[in-house]
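J.: Sequence and predicted model, in that order:
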Amino acid sequence: MNSSKPATLFDAPSRLLVKVCGLTRQQDADACAEAGVDLCGFIFHPASPRGVTPAVAAGLHSHGMARVGVFVKQSADEVLAVMDAARLDFAQLHGGQDAAFCDRVGPERVIRAAWPQRHADRSALQAELAGLAPHVRCFLLDAGTSGGGHGATMDWSALRGLAPGAPWLLAGGLTPDNVASAVAACGGHDPGALIGVDLNSGVESAPGQKDATRVAAALAALRAA
(Lines give C-alpha, C1' and ligand atoms only; values in the text may rest on other atoms or scores of the structure.)
Protein backbone atom coordinates (compact mmCIF):
# COMPACT_ATOMS: atom_id res chain seq x y z
CA MET A 1 0.00 0.00 0.00
CA ASN A 2 1.88 3.04 -1.21
CA SER A 3 -0.08 5.75 0.58
CA SER A 4 -1.02 9.01 -1.06
CA LYS A 5 -2.57 10.17 2.24
CA PRO A 6 0.26 10.37 4.81
CA ALA A 7 -1.93 12.18 7.33
CA THR A 8 -4.12 9.09 7.76
CA LEU A 9 -1.42 6.47 7.24
CA PHE A 10 -1.27 5.50 10.92
CA ASP A 11 -5.04 5.45 11.48
CA ALA A 12 -5.69 1.78 12.34
CA PRO A 13 -4.07 0.31 9.19
CA SER A 14 -5.59 -2.99 8.10
CA ARG A 15 -2.18 -4.62 7.78
CA LEU A 16 1.36 -4.01 8.94
CA LEU A 17 3.03 -0.95 7.47
CA VAL A 18 6.61 -1.24 6.24
CA LYS A 19 9.16 1.55 6.45
CA VAL A 20 12.62 1.27 4.90
CA CYS A 21 15.08 3.73 6.38
CA GLY A 22 18.42 5.07 5.24
CA LEU A 23 17.72 5.58 1.55
CA THR A 24 20.49 7.31 -0.38
CA ARG A 25 19.91 6.26 -4.01
CA GLN A 26 17.06 6.50 -6.50
CA GLN A 27 17.38 2.86 -7.46
CA ASP A 28 16.67 1.89 -3.86
CA ALA A 29 13.61 4.13 -3.66
CA ASP A 30 12.41 2.54 -6.89
CA ALA A 31 12.92 -0.97 -5.48
CA CYS A 32 11.11 -0.13 -2.26
CA ALA A 33 8.13 1.30 -4.09
CA GLU A 34 8.02 -1.71 -6.40
CA ALA A 35 8.01 -4.06 -3.40
CA GLY A 36 5.13 -2.22 -1.75
CA VAL A 37 6.92 -0.30 1.00
CA ASP A 38 4.73 2.32 2.70
CA LEU A 39 7.28 4.78 4.13
CA CYS A 40 10.80 5.68 3.04
CA GLY A 41 13.28 7.21 5.44
CA PHE A 42 16.13 9.68 4.92
CA ILE A 43 18.74 10.20 7.62
CA PHE A 44 19.86 13.78 8.27
CA HIS A 45 22.72 12.96 10.62
CA PRO A 46 26.22 13.60 9.22
CA ALA A 47 27.81 10.89 11.38
CA SER A 48 25.67 8.19 9.79
CA PRO A 49 27.00 6.22 6.80
CA ARG A 50 23.47 6.60 5.45
CA GLY A 51 23.31 10.35 5.93
CA VAL A 52 22.04 12.56 3.12
CA THR A 53 21.56 16.28 2.61
CA PRO A 54 18.13 17.85 2.22
CA ALA A 55 18.93 18.50 -1.44
CA VAL A 56 19.75 14.84 -2.08
CA ALA A 57 16.59 13.68 -0.33
CA ALA A 58 14.47 16.20 -2.22
CA GLY A 59 15.80 14.83 -5.48
CA LEU A 60 14.80 11.25 -4.73
CA HIS A 61 11.37 10.40 -6.10
CA SER A 62 9.35 8.38 -3.58
CA HIS A 63 6.57 7.10 -5.87
CA GLY A 64 3.82 7.81 -3.33
CA MET A 65 5.58 6.39 -0.30
CA ALA A 66 5.31 8.62 2.76
CA ARG A 67 8.57 10.50 3.31
CA VAL A 68 10.24 10.43 6.73
CA GLY A 69 13.29 12.36 7.90
CA VAL A 70 15.42 11.06 10.78
CA PHE A 71 16.79 13.77 13.05
CA VAL A 72 19.19 13.45 16.00
CA LYS A 73 20.77 16.74 17.04
CA GLN A 74 18.98 19.45 15.06
CA SER A 75 16.89 22.16 16.69
CA ALA A 76 13.13 22.13 16.12
CA ASP A 77 13.44 25.03 13.70
CA GLU A 78 16.14 23.18 11.77
CA VAL A 79 13.91 20.11 11.60
CA LEU A 80 11.07 22.18 10.19
CA ALA A 81 13.34 23.77 7.60
CA VAL A 82 14.63 20.40 6.42
CA MET A 83 11.12 18.99 6.31
CA ASP A 84 10.15 21.78 3.95
CA ALA A 85 13.28 21.53 1.81
CA ALA A 86 13.18 17.73 1.49
CA ARG A 87 9.39 17.51 1.10
CA LEU A 88 8.92 15.33 4.18
CA ASP A 89 5.66 14.08 5.64
CA PHE A 90 7.03 13.02 9.03
CA ALA A 91 9.96 13.76 11.32
CA GLN A 92 11.42 10.76 13.13
CA LEU A 93 13.03 12.19 16.25
CA HIS A 94 15.89 9.93 17.23
CA GLY A 95 17.67 12.01 19.85
CA GLY A 96 15.50 11.78 22.95
CA GLN A 97 13.64 15.01 22.14
CA ASP A 98 11.08 16.06 24.76
CA ALA A 99 7.37 16.82 24.50
CA ALA A 100 7.91 20.53 23.90
CA PHE A 101 10.21 19.74 20.96
CA CYS A 102 7.57 17.41 19.50
CA ASP A 103 4.94 20.10 19.88
CA ARG A 104 7.12 22.62 18.08
CA VAL A 105 7.57 20.28 15.10
CA GLY A 106 3.88 19.35 15.18
CA PRO A 107 2.58 16.24 16.99
CA GLU A 108 0.73 15.01 13.93
CA ARG A 109 4.05 14.87 12.07
CA VAL A 110 6.25 13.27 14.74
CA ILE A 111 7.49 9.69 14.92
CA ARG A 112 9.34 9.56 18.24
CA ALA A 113 12.02 6.89 18.71
CA ALA A 114 12.34 5.19 22.09
CA TRP A 115 14.61 2.45 23.37
CA PRO A 116 12.97 -0.15 25.65
CA GLN A 117 16.38 -1.40 26.79
CA ARG A 118 17.06 1.96 28.44
CA HIS A 119 14.48 1.12 31.07
CA ALA A 120 14.79 -1.11 34.11
CA ASP A 121 11.36 -2.60 33.53
CA ARG A 122 8.29 -2.41 31.37
CA SER A 123 6.44 -0.06 33.70
CA ALA A 124 9.20 2.53 33.31
CA LEU A 125 9.00 2.24 29.51
CA GLN A 126 5.22 2.51 29.65
CA ALA A 127 5.47 5.64 31.80
CA GLU A 128 7.86 7.36 29.38
CA LEU A 129 5.71 6.57 26.37
CA ALA A 130 2.45 7.53 28.07
CA GLY A 131 3.89 10.95 28.86
CA LEU A 132 4.92 11.50 25.25
CA ALA A 133 1.90 9.94 23.53
CA PRO A 134 -0.21 13.14 23.34
CA HIS A 135 2.68 14.86 21.59
CA VAL A 136 3.41 12.33 18.82
CA ARG A 137 1.70 10.60 15.92
CA CYS A 138 3.57 7.34 16.32
CA PHE A 139 6.40 5.73 18.27
CA LEU A 140 9.32 3.74 16.89
CA LEU A 141 10.72 1.22 19.38
CA ASP A 142 14.34 0.46 18.59
CA ALA A 143 16.94 -1.95 19.93
CA GLY A 144 19.90 -0.85 22.02
CA THR A 145 19.96 2.25 24.18
CA SER A 146 20.54 4.93 21.53
CA GLY A 147 21.04 5.44 17.82
CA GLY A 148 19.85 3.03 15.17
CA GLY A 149 20.84 1.13 12.04
CA HIS A 150 23.32 -0.94 14.05
CA GLY A 151 21.72 -4.32 13.40
CA ALA A 152 21.16 -5.14 17.08
CA THR A 153 17.99 -6.93 18.16
CA MET A 154 16.13 -7.11 21.48
CA ASP A 155 13.74 -9.34 23.42
CA TRP A 156 10.69 -8.75 21.28
CA SER A 157 8.42 -10.72 23.61
CA ALA A 158 8.92 -8.03 26.26
CA LEU A 159 6.82 -5.74 24.04
CA ARG A 160 3.86 -8.11 23.76
CA GLY A 161 0.63 -6.27 24.46
CA LEU A 162 2.33 -2.89 24.85
CA ALA A 163 -0.26 -0.12 24.39
CA PRO A 164 1.47 3.22 25.03
CA GLY A 165 -1.35 5.51 23.91
CA ALA A 166 -0.09 5.93 20.35
CA PRO A 167 0.61 3.32 17.66
CA TRP A 168 4.16 2.06 17.25
CA LEU A 169 6.61 0.65 14.75
CA LEU A 170 9.09 -2.10 15.61
CA ALA A 171 12.75 -1.56 14.68
CA GLY A 172 16.14 -3.04 15.45
CA GLY A 173 18.00 -5.72 13.49
CA LEU A 174 15.00 -6.83 11.44
CA THR A 175 15.82 -9.01 8.43
CA PRO A 176 13.89 -11.13 5.94
CA ASP A 177 14.67 -14.12 8.16
CA ASN A 178 13.42 -12.74 11.48
CA VAL A 179 10.89 -10.00 10.78
CA ALA A 180 7.83 -12.26 10.84
CA SER A 181 8.90 -14.00 14.04
CA ALA A 182 9.71 -10.64 15.65
CA VAL A 183 6.21 -9.37 14.94
CA ALA A 184 4.71 -12.61 16.24
CA ALA A 185 6.77 -12.37 19.44
CA CYS A 186 5.36 -8.88 20.00
CA GLY A 187 1.84 -10.26 19.72
CA GLY A 188 1.24 -9.54 16.05
CA HIS A 189 -0.38 -6.67 14.21
CA ASP A 190 -2.65 -4.52 16.37
CA PRO A 191 -4.24 -1.50 14.63
CA GLY A 192 -4.08 0.48 17.88
CA ALA A 193 -0.58 -0.55 18.93
CA LEU A 194 1.92 -2.46 16.75
CA ILE A 195 1.15 -1.16 13.28
CA GLY A 196 4.39 -1.69 11.37
CA VAL A 197 8.09 -2.41 11.10
CA ASP A 198 11.15 -0.37 10.22
CA LEU A 199 13.84 -2.02 8.09
CA ASN A 200 17.35 -0.71 7.57
CA SER A 201 20.62 -2.62 7.83
CA GLY A 202 18.85 -5.97 7.51
CA VAL A 203 17.90 -5.23 3.90
CA GLU A 204 21.26 -3.81 2.78
CA SER A 205 24.24 -5.05 0.79
CA ALA A 206 26.34 -2.24 2.32
CA PRO A 207 25.50 0.77 4.51
CA GLY A 208 23.22 3.04 2.51
CA GLN A 209 22.80 0.52 -0.30
CA LYS A 210 19.54 -1.40 -0.15
CA ASP A 211 19.32 -4.89 -1.62
CA ALA A 212 16.14 -5.10 -3.69
CA THR A 213 15.96 -8.87 -3.23
CA ARG A 214 16.15 -8.57 0.55
CA VAL A 215 13.55 -5.80 0.63
CA ALA A 216 11.14 -7.92 -1.39
CA ALA A 217 11.89 -10.98 0.74
CA ALA A 218 11.13 -9.10 3.95
CA LEU A 219 7.76 -7.96 2.65
CA ALA A 220 6.99 -11.46 1.39
CA ALA A 221 7.79 -12.89 4.82
CA LEU A 222 5.42 -10.45 6.50
CA ARG A 223 2.62 -11.16 4.05
CA ALA A 224 3.02 -14.92 4.45
CA ALA A 225 2.93 -14.81 8.26
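T.: Yep, it's here.
J.: So for the strand or helix carrying residue 42, mean pLDDT?
T.: Assigned by DSSP states H and E, residue 42 belongs to strand 39-43. When pLDDT is averaged over strand 39-43, the result is 98.
J.: any residues touching it, and which ones?
T.: By C-beta atoms under 8 Å, 6 or more residues apart in numbering, the residues outside strand 39-43 that reach it are 9, 17-23, 29, 32-33, 50-52, 56-57, 60, 62, 65-70, 86, 88, 90, 92, 149, 196, 198, 200. Bear in mind the C-beta positions are built from the backbone N, C-alpha and C, glycine included.
J.: Quick one: list the elements packing against the lowest-mean-pLDDT helix or strand in the chain.
T.: When each helix and strand of the chain is scored by mean pLDDT, DSSP states H and E, helix 122-132 comes last, with a mean of 92. Packing contacts for helix 122-132, counted by 3 or more C-beta pairs under 8 Å, 6 or more residues apart in numbering; DSSP states H and E, involve helix 99-105, strand 110-114.
J.: Who are the packing partners of the last one?
T.: Spelled out, that is strand 110-114. Counting by 3+ C-beta pairs under 8 Å, 6+ apart, the packing neighbours recorded for strand 110-114 are strand 90-93, helix 122-132, strand 138-141.
J.: cool, the longest one as well?
T.: Using 3+ C-beta pairs under 8 Å, 6+ apart as the contact test, the elements touching helix 99-105 are helix 76-85, strand 90-93, helix 122-132.
J.: Identify the residue nearest the geometric centre of the chain.
T.: The centroid of the chain falls nearest to residue 198 when counting by C-alpha atoms, centre = their mean (4.6 Å).
J.: residues touching that one, list them.
T.: Shown here is residue 198, whose contacts under the criterion C-beta under 8 Å, 6+ apart are 19-21, 41, 140, 142, 169-171, 174.
J.: mind checking pLDDT for the closest residue in space to it that isn't next to it in sequence?
T.: Across the structure, with C-beta to C-beta, 6 or more residues apart in numbering as the measure, the residue nearest residue 198 apart from its sequence neighbours is residue 171 (3.8 Å). With respect to pLDDT, residue 171 has a value of 94.
J.: residues making contact with stretch 109-119?
T.: Contacting residues not belonging to stretch 109-119 are listed as 68, 83, 89-94, 97, 102, 122, 125, 128-129, 132, 135-146, 148, 154, 158-159, 169, 171 [C-beta under 8 Å, 6+ apart].
J.: Derive a PyMOL selection command for the buried subset of those residues.
T.: Listed next is the PyMOL selection for buried residues among the contacts of stretch 109-119, using 16 or more other C-beta atoms under 10 Å:
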select buried, resi 68+83+89+90+91+92+93+94+97+102+125+128+129+132+135+136+137+138+139+140+141+142+143+144+148+154+159+169+171
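J.: related to what we said a few turns ago, contacts only, for the residue nearest to residue 198.
T.: 21, 113, 140-143, 148, 197-198, 200.
J.: Using CSV, lay out those residues together with pLDDT and distance to residue 74.
T.: Shown next, in CSV, are the contacts of residue 171 (pLDDT from 0 to 100; distance: C-beta to C-beta, whole Å):
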residue, pLDDT, distance to residue 74
21, 97, 17
113, 95, 14
140, 96, 17
141, 94, 22
142, 88, 18
143, 81, 23
148, 53, 16
197, 98, 25
198, 97, 20
200, 96, 20
